[in-house]
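Participant: Here is a sequence with its predicted model. Questions after.
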Amino acid sequence: MVIIVPTAGRFVEIFSYRDLVRNLVVRDLKVRYKQSVLGFLWSLLNPLLMMVVFSVVFTVMMPNRQIYAFPAFILSALLPWNWCATSVSASTVSVVGNANLIKKVYFPRELLPVSIVLSNMVNFLLALIVLVAVLLAYGLYPSWVLVYLPIIIGIQIIFLSGLALFLSSLDVFYRDTEVIVEVVVLAWFFLTPVFYDIGALLPNSARVIYWINPMASLVESYRLIFYNRAAPDLAFLFRTFFTSFVVFVIGWLTFQHFSPRFGEEL
């Protein structure tokens, strides 16, 4: 009871700062596209350009004719991966980068890394416009299975928030975290089935990737509902949620442990 009450109270306090969350998200989006000619259109053009590059490499330079509508195949996985990669990289420095704000005024420090996750979610949602257009171009019309989309997005928010809390708290005390994260994200990309079909791997290899890499499960879930237009297995989805929740709890507890010392370290 001693542990549960303060934790519940902390979540209530964070919820009371929801207007600040909105302002932080808007600030992050404005800063990202400040002095940019195309502004928010980059949310649409960036994944589209990356899709073109991957499509040229894997269908022209390295033909892969076994995958139908390869641009749609890769884009359905690339968008959630971009959300993940940008959130992890930016949230790692979110506390250190707002040192002046932390020293001047009180607010739940958790809002800084979580707001980064949410601002990148906005970019992800905007980029879905491009994905839908590409799917329609290949005759892959939306199906009823899109009702699973909010659930999958919710699971990814939980997973990324846990990582953001964990990494941002570590970065305050160990600045090498930023460099390590850059390398890890690059390796992580190749362990995530963005440009290849995980079903083509050996069963044991695919199983290992799913267990050690929640993003592999999330990417496949997005690809299922958008590209394959099939419902994800509920047991598979629950396992992904459970893993993401464990990551969130670890990140939350780590952040709570280190946050009282942020002021003196910064």
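Facilitator: Arrived safely, thanks for sending.

Participant: contacting residues around residue 178?
Facilitator: Residues touching residue 178, when contacts are defined by Cβ atoms under 8 Å, 6 or more residues apart in numbering, comprise 92, 93, 171. Quick note: C-beta positions are derived from backbone N, CA and C, even for glycine.

Participant: For the stretch 101-250 of the chain, which segments are assigned as strands?
Facilitator: Counting by DSSP state E, counting those that start in this stretch, the stretch 101-250 of the chain forms no strands at all.

Participant: what stretches of it score poorly on pLDDT?
Facilitator: Counting by pLDDT under 70, the stretch 101-250 of the chain has low-confidence residues at 202-205.

Participant: that older thread, now render the contacts of residue 178 as a markdown table, adding distance to residue 117 and neighbour count.
Facilitator: Written out in a markdown table, the entries for these read as follows (distance: Cβ to Cβ, whole Å; neighbours: other Cβ atoms under 10 Å):
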| residue | distance to residue 117 | neighbour count |
| --- | --- | --- |
| 92 | 12 | 26 |
| 93 | 14 | 20 |
| 171 | 15 | 22 |
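
Participant: So what's the residue count around residue 187?
Facilitator: Under the neighbour criterion other Cβ atoms under 10 Å, residue 187 is assigned a count of 9.

Participant: With adjacent residues omitted, what lies nearest to residue 67?
Facilitator: In space, and not counting its chain neighbours, residue 67 is closest to residue 73: 5.2 Å by Cβ to Cβ, 6 or more residues apart in numbering.

Participant: which residues sit in contact with that neighbour?
Facilitator: Residues near residue 73 by Cβ under 8 Å, 6+ apart: 67, 197, 223, 227.

Participant: element containing it, please.
Facilitator: Taking DSSP states H and E as the criterion, the element that holds residue 73 is helix 70-92.

Participant: for that helix, the distance to its chain's centre please.
Facilitator: Remark: helix 70-92 is offset 7 Å from the chain centroid, using Cα atoms, centre = their mean, to the nearest Å.

Participant: Could you pull up the mean pLDDT of that helix?
Facilitator: Here the mean pLDDT over helix 70-92 is 92, rounded to a whole number.

Participant: 16 is where my numbering starts, stick with that
Facilitator: Let's use 16 as the start, then, which means that last one is helix 85-107.

Participant: hey, C-alpha coordinates of it in PDB?
Facilitator: Taking C-alpha atoms only, helix 85-107 is exported to PDB below (Å, rounded to 0.1, in the frame of the first residue of the first chain):
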ATOM      1  CA  PHE A  85       7.200  -3.600 -52.200                       C
ATOM      2  CA  PRO A  86       6.800   0.200 -51.600                       C
ATOM      3  CA  ALA A  87       3.600  -0.500 -49.600                       C
ATOM      4  CA  PHE A  88       5.300  -3.400 -47.800                       C
ATOM      5  CA  ILE A  89       8.200  -1.400 -46.600                       C
ATOM      6  CA  LEU A  90       6.300   1.800 -45.900                       C
ATOM      7  CA  SER A  91       3.900   0.000 -43.600                       C
ATOM      8  CA  ALA A  92       6.900  -0.900 -41.400                       C
ATOM      9  CA  LEU A  93       9.000   2.100 -42.000                       C
ATOM     10  CA  LEU A  94       6.600   4.600 -40.400                       C
ATOM     11  CA  PRO A  95       6.400   2.900 -37.000                       C
ATOM     12  CA  TRP A  96      10.100   2.400 -37.100                       C
ATOM     13  CA  ASN A  97      10.700   6.100 -37.800                       C
ATOM     14  CA  TRP A  98       8.500   6.900 -34.800                       C
ATOM     15  CA  CYS A  99      10.600   4.600 -32.600                       C
ATOM     16  CA  ALA A 100      14.000   5.800 -33.800                       C
ATOM     17  CA  THR A 101      13.300   9.500 -33.600                       C
ATOM     18  CA  SER A 102      11.600   9.100 -30.200                       C
ATOM     19  CA  VAL A 103      14.500   7.100 -28.700                       C
ATOM     20  CA  SER A 104      17.200   9.500 -30.100                       C
ATOM     21  CA  ALA A 105      15.400  12.700 -29.100                       C
ATOM     22  CA  SER A 106      14.100  11.600 -25.700                       C
ATOM     23  CA  THR A 107      17.500  10.500 -24.600                       C
END
